[in-house]
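**Q** Output the structure for:
(chains A and B)
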Amino acid sequence: MALGAIGLLMLAFAPVFANSYVVALLINLLLYAVLATAWGLFSGTTGYVSLATVSFFGVGSYAVAVLAERLPWPIVLLVAAVIGALLALLVGLATLRLAGIVFVIFTFGLSELVRQVVTWYEAKIAGSVGRYVFLDVTPAVIYWQLLALAIVVLLFGTWVARSRLGFALRLIGEDEAAARHCGVDTTRAKLVMFSASSVFMVLAGAIVAPRWTYIDAAIAFNPLVSFQVVVMALLGGAGRVYGPLLGVVPVVLLFEVFIKYFPNHFSIVLGLVFLVIVYLLPRGVIGLVPRARAANIEPA
Amino acid sequence: MTAPLLAVEGLTRNFGGLRAVDDLHFEMTRGEVVGLLGPNGSGKTTVLNLISGALRPDRGSVRLLGRELVGQPAFRIARLGVARTFQLVRVFATMSVRENIAAGFAFGARPRFGRAARAEIDALVTRVGLAGRGDQVAHELTYIDQKRLELARALALAPTLLLLDEWLAGLNQVELAAAIDLLDALRSETLTILLVEHVMDAIRALCDRCVVMNAGARIAAGTPADVLLDPAVVTAYLGADDA
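**A** Prediction:
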């Protein structure tokens, strides 16, 4: 508890002491902490692996690009969250009856569709390629907003995990048909959590948008983000609220190294890392804890 | 005259060109134990899937205490009082025995969750013969214990109608005797049970009446002793006399 408090204090004051590179790195860490934890809220519990993360992230960024100069900041965030929730409900209604690999592919297709639609709209109707985001926001303020969002998503996740809704989501992950016959309204549970998780992703995208200054569809809807979030969450262990967090730190740091030393082979290295994770740590870093304990009881 | 607990009428379901259930009808009164019999592939499990809402019929109606179940989603049928087990056991494999049973309590007609359900969960653990194993993970249980757990989860819903799909299959003689005793004890509590079963000893011991199906259609109904002597039933199971 005390250690956590000290850690939190250090995180809170980091932008005051650290140089700009460290702040940039910390922003990246917090961004992925939010995305991966939010991803785990839905996909980690239910086992529905979503590759639509970047759609929601990108919608958040675009909402800022379009609205930021016209509305006060809190209203921009609110509008972004509402758009994200509506999009998630729409996507959820269309896809949550699909199971397994079909769902995965559909969410990937969806995020590509969103990217193409935005590209088309910008080129044909708005008459440009990208947009400028000129907002007077310092990196420190972005950092603090992300830190607050990360804390909220973790607290929300902890609360859900203890709730009846969280229990329902775990039952869906175990055996959806059996859950239904226990009286679980599986469609509703999935829709609620898919939307909640998407709102966090949208907010993350909105908060970091001012850092880019310029965005276009290829930047805001880069599919690599969705894959990276899955890699991080699986590395950490997506079955529990704090699991994905354990994956975010090593992967983000690793990516910093990869981008420096293998800028042209980044995707290949990412793929290799993903393979290693699936083979060596099928239940993630957090999965090592109970397994070690079980091994003490029954040496097999 | 009061409405029957369960009334099935004109129930029909096709899978492509195969008619799995063909104009089936039967009724059950409260507290009855009815066996649904028939050779493999005669549509028994499909009937349970149609009643519990896992599948929708092409035609026909299923009424529980006068209320139409056809067209309702499975979770609502469960909340209305229909609980089931599965032909191939389906427990929540990585959850503990208690959590499995908690699933039955948490989403039923009268939901109880967390502390509110604890005493009742423990009582059910004991009642199905899993005392002291509440914290064990479900996939570590033996086959019969997983079946006990599935039954406990179904009972946690406090069902008015319990559907058992070959709940007694695959047990050895000792386990079978224990399992029959367990079901017999449930019967005395005014629970109505529809069971799909092949184990004849169990059918004779437990069932008040039987409905026999072949190729999706009802071919006989009556007491176990009567239907097992019915020529149509004998033909369905053993084939026609070649003479």
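**Q** Please make it C-alpha for all contacts and neighbour counts, starting now.
**A** Fine.
**Q** so how far is residue A:181 from whatever residue of chain B ends up closest to chain A?
**A** As assessed by Cα to the nearest Cα, chain A sits closest to residue B:75 within chain B, at 4.0 Å. Noted for residue B:75: a distance of 5 Å to residue A:181, by Cα to Cα, to the nearest Å.
**Q** Which one's more surrounded, these two?
**A** Taking neighbours as other Cα atoms under 10 Å in any protein chain shown, residue B:75 and residue A:181 compare with residue A:181 leading, 29 against 25.
**Q** what residues does stretch B:209-219 touch?
**A** B:19-26, B:32-39, B:41-44, B:220-224, B:227, B:232-233, B:236 (Cα atoms under 8 Å, 6 or more residues apart in numbering or on different chains).
**Q** Okay, and which of those residues map to helices?
**A** Mapping those onto helices (DSSP state H) picks out B:44, B:224, B:227, B:232, B:233, B:236.
**Q** which residues touch the fourth one?
**A** By Cα under 8 Å, 6+ apart, the contact list for residue B:232 reads B:219, B:220.
**Q** likewise the first one?
**A** Listed by Cα under 8 Å, 6+ apart, the contact partners of residue B:44 are B:36, B:37, B:38, B:196, B:213, B:216.
**Q** List only buried entries from these.
**A** The neighbour count (16 or more other Cα atoms under 10 Å in any protein chain shown) marks B:36, B:37, B:38, B:196, B:213, B:216 as buried among the contacts of residue B:44.
**Q** With pLDDT added, can I get these in a markdown table?
**A** Below are the buried ones among the contacts of residue B:44 laid out as a markdown table (pLDDT from 0 to 100):
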| residue | pLDDT |
| --- | --- |
| B:36 | 95 |
| B:37 | 93 |
| B:38 | 91 |
| B:196 | 95 |
| B:213 | 94 |
| B:216 | 92 |
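**Q** Looking at these, which is nearest residue A:224?
**A** residue B:196 (51.0 Å; Cα to Cα).
**Q** all helices of the stretch 151-300 of chain A, in order?
**A** Residue ranges of the helices in the stretch 151-300 of chain A, as given by DSSP state H, counting those that start in this stretch, are A:164-174, A:176-181, A:186-208, A:217-220, A:223-236, A:243-261, A:266-280, A:284-297.
**Q** now swap in chain B and tell me
**A** With helices called from DSSP H, chain B shows them at B:44-52, B:74-79, B:97-106, B:115-127, B:143-156, B:173-187, B:200-206, B:224-229, B:231-238.
**Q** now these in TSV, with mean pLDDT and distance to residue A:149?
**A** Compiled in TSV, the helices of chain B are given as follows (pLDDT from 0 to 100; distance: least, Cα to Cα, whole Å):
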stretch	mean pLDDT	distance to residue A:149
helix B:44-52	96	43
helix B:74-79	97	35
helix B:97-106	96	31
helix B:115-127	93	31
helix B:143-156	94	39
helix B:173-187	88	52
helix B:200-206	89	59
helix B:224-229	90	65
helix B:231-238	87	66
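**Q** Please identify which of the ones you listed is closest to residue A:249.
**A** Nearest to residue A:249 among the helices of chain B is helix B:97-106 (32.4 Å), distances taken as Cα to Cα.
**Q** Now do that closest one: which elements does it pack against?
**A** Other elements packing on helix B:97-106 under the criterion 3 or more Cα pairs under 8 Å, 6 or more residues apart in numbering or on different chains; DSSP states H and E are helix A:164-174, helix B:115-127, helix B:143-156.
**Q** Compile these into a markdown table and extend it with columns for mean neighbour count and distance to residue A:42.
**A** What follows is these, written out as a markdown table (neighbours: other Cα atoms under 10 Å in any protein chain shown; distance: least, Cα to Cα, whole Å):
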| stretch | mean neighbour count | distance to residue A:42 |
| --- | --- | --- |
| helix A:164-174 | 23 | 8 |
| helix B:115-127 | 16 | 25 |
| helix B:143-156 | 24 | 25 |
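**Q** can you redo those helices as JSON lines with distance to residue A:219?
**A** Compiled in JSON lines, the helices and strands packed on helix B:97-106 are given as follows (distance: least, Cα to Cα, whole Å):
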{"stretch": "helix A:164-174", "distance to residue A:219": "33"}
{"stretch": "helix B:115-127", "distance to residue A:219": "49"}
{"stretch": "helix B:143-156", "distance to residue A:219": "49"}
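**Q** burial measure for residue A:138, as a count.
**A** When neighbours are counted by other Cα under 10 Å, residue A:138 registers 10.
**Q** pLDDT score assigned to it?
**A** pLDDT for residue A:138: 89.
**Q** How about residue A:291?
**A** 45.
**Q** any chance of the helices of the stretch 151-300 of chain A in a markdown table, plus distance to chain B?
**A** Below are the helices of the stretch 151-300 of chain A laid out as a markdown table (distance: least, Cα to the nearest Cα, whole Å):
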| stretch | distance to chain B |
| --- | --- |
| helix A:164-174 | 5 |
| helix A:176-181 | 5 |
| helix A:186-208 | 8 |
| helix A:217-220 | 38 |
| helix A:223-236 | 18 |
| helix A:243-261 | 17 |
| helix A:266-280 | 19 |
| helix A:284-297 | 12 |
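**Q** right, and the ones you listed - which one's nearest residue A:136?
**A** With Cα to Cα as the measure, helix A:186-208 is the member of those nearest residue A:136 (12.6 Å).
**Q** which helices and strands sit right next to the closest one?
**A** For helix A:186-208, the elements it packs on are helix A:20-39, helix A:53-67, helix A:73-95, helix A:139-162, helix A:164-174, helix A:176-181, judged by 3+ Cα pairs under 8 Å, 6+ apart.
**Q** Now tell me what touches the third one from outside.
**A** The one in question is helix A:73-95. Here helix A:73-95 makes contact (Cα under 8 Å, 6+ apart) with A:56, A:59-60, A:63-64, A:67-68, A:103, A:106-107, A:190-191, A:194-196, A:198-200, A:202-203, A:206-207.
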